[in-house]
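> Structural data only, the sequence is not supplied:
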């Protein structure tokens with residue numbers, strides 16, 4: 001069995017980086033998600049700013065509820081990042097092998113990133129839907145993963161699938177920008193070792209953090225209206241929700257979510273919460289890529305050890 005060590009190394013380090021960033025920034029993510037899920041005219045909003053969500057948790061002594069859904073989110077984050085980074089690295093290597101090019105261009109990079117993103121979304125969408133509903137539940141009333149999903153059909157577990165696929169443009173833009181900027185920085189610094197395959201070149205922690213922040217900020221600004229629609233579609237129904245069943249069902253579609261935002265908040269409503277989204281996603285992405293770049297070489301060494309172990313024990317296993 002021939003392992004694709006580079007893709008496996010990229011996937012493992014990316015998944016670990018995602019796990020760290022998700023855990024560290026989860027309370028901010030909960031505040032941001034609950035703030036985005038509310039669609040009301042400004043004077044009727046429960047949360048006028050993202051800090052209001054935090055103060056509600058403190059005043060009701062439900063601070064730990066800021067972590068509701070953390071386990072599900074961590075599983076979703078780890079699995080989706082592993083699949084995404086493996087697919088991204090694998091498809092990129094396949095493209096370079098087929099074309100004979102040494103570097104991948106911007107357009108091809110976007111296509112590769114999109115293909116990896118779509119593959120990831122189809123597999124992990126139920127986890128994403130469940131974590132969003134758990135986060136937007138009232139403080140102290142969040143249900144477990146299985147109970148959250150079992151209350152609806154499998155079709156409802158894939159609520160927001162279409163817009164999630166559309167939003168694969170977000171990581172596609174982000175990682176393409178990051179990769180292209182990274183190539184420019186590392187140009188001329190590639191390892192000169194011969195005879196044995198060297199480990200992949202990595203950025204410094206500071207450079208990775210800055211490039212991750214810049215690339216994510218650009219991607220978030222370009223795709224934010226779709227991001228807000230997705231949160232609305234996946235949000236849990238609150239007990240004091242005054243909408244009719246028909247209105248709730250309509251809002252779980254892209255056109256329904258867009259119409260609701262337009263009717264209640266106007267054009268600027270499509271960008272309501274953008275600052276909170278940028279703060280959370282930029283910090284999260286920058287932290288993820290910083291951790292990923294720092295552990296890439298260590299992960300590479302572990303992959304080499306794994307291949308050596310398998311090559312040594314493979315004949316023994318066959319003989320047995």
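Happy to help now that I have it. As the structure is a computational prediction, the values presented were derived from the model and not from experiment.
> Name the residues that touch stretch 62-79?
Here stretch 62-79 makes contact (C-beta atoms under 8 Å, 6 or more residues apart in numbering) with 15-16, 18-19, 22-23, 26-27, 29-31, 54, 56-57, 123-124, 127-128, 130-131, 133-135, 137, 139-140, 142, 145. The way it works is simple: take the backbone N, C-alpha and C, and place the C-beta from them, glycine included.
> Stretch 159-174 now?
Here stretch 159-174 makes contact (C-beta under 8 Å, 6+ apart) with 84, 110, 113-114, 117-118, 120-122, 125, 128-129, 215-216, 218-220, 222-223, 226-227, 229-230, 233-234, 252, 254, 285.
> Quick one: buried ones out of the contacts of stretch 62-79?
Burial by neighbour count, judged by 16 or more other C-beta atoms under 10 Å, picks out 15-16, 18-19, 22, 26-27, 29-31, 54, 56-57, 124, 127-128, 130-131, 133-135, 137, 139, 142, 145 from the contacts of stretch 62-79.
> Okay, and which of those residues map to helices?
The helices in this structure, assigned by DSSP state H, contain 15-16, 18-19, 22, 26-27, 29-31, 54, 56-57, 124, 127-128, 130-131, 133-135, 145 from these.
> from what I can see residue 86 touches residue 6, true?
No - using C-beta atoms under 8 Å, residue 86 makes no contact with residue 6, being 10.0 Å away.
> the more surrounded of the two?
Taking other C-beta atoms under 10 Å, residue 86 and residue 6 do not tie; residue 86 has more neighbours (22 against 18).
> Pop out the phi and psi values for that one.
Per-residue torsions, residue 86: phi -70, psi -50 (degrees, to the nearest 10).
> and residue 103, what is it in contact with?
96, 183.
> Quick check: phi and psi on it?
With angles defined as degrees, to the nearest 10, residue 103 sits at phi -130, psi 150.
> what do you get for residue 160?
Backbone torsions of residue 160, given as degrees, to the nearest 10, read phi 90, psi 10.
> Nearest residue to it in space, ignoring adjacent ones along the chain?
With sequence-adjacent residues excluded and distances taken as C-beta to C-beta, 6 or more residues apart in numbering, residue 160 is closest to residue 233, at 4.3 Å.
> For residue 130, see how far away the one you found is.
Computed as C-beta to C-beta, to the nearest Å, the residue 233 to residue 130 distance reads 14 Å.
> distance of residue 78 from residue 118?
Residue 78 sits 19 Å away from residue 118, taking C-beta to C-beta as the criterion.
> Mind checking which of the two has more residues around it?
Comparing residue 78 with residue 118 by neighbour count (other C-beta under 10 Å), the higher total belongs to residue 78, at 19 against 15.
> Buried residues, the host helix or strand of the more buried one. List them.
Using DSSP states H and E, residue 78 maps to helix 70-99. By 16+ other C-beta under 10 Å, the buried positions in helix 70-99 come out as 70, 72-93, 95.
> which helices and strands does the longest helix along the chain pack with?
In the chain, with assignment by DSSP H, the single longest helix is helix 274-319. Here helix 274-319 touches helix 5-24, helix 26-37, helix 205-234, going by 3 or more C-beta pairs under 8 Å, 6 or more residues apart in numbering; DSSP states H and E.
> how much does that helix deviate in direction from helix 5-24?
Angle, helix 274-319 to helix 5-24, by axes from the mean of the first three to the mean of the last three C-alpha atoms, to 10 degrees: 140 degrees.
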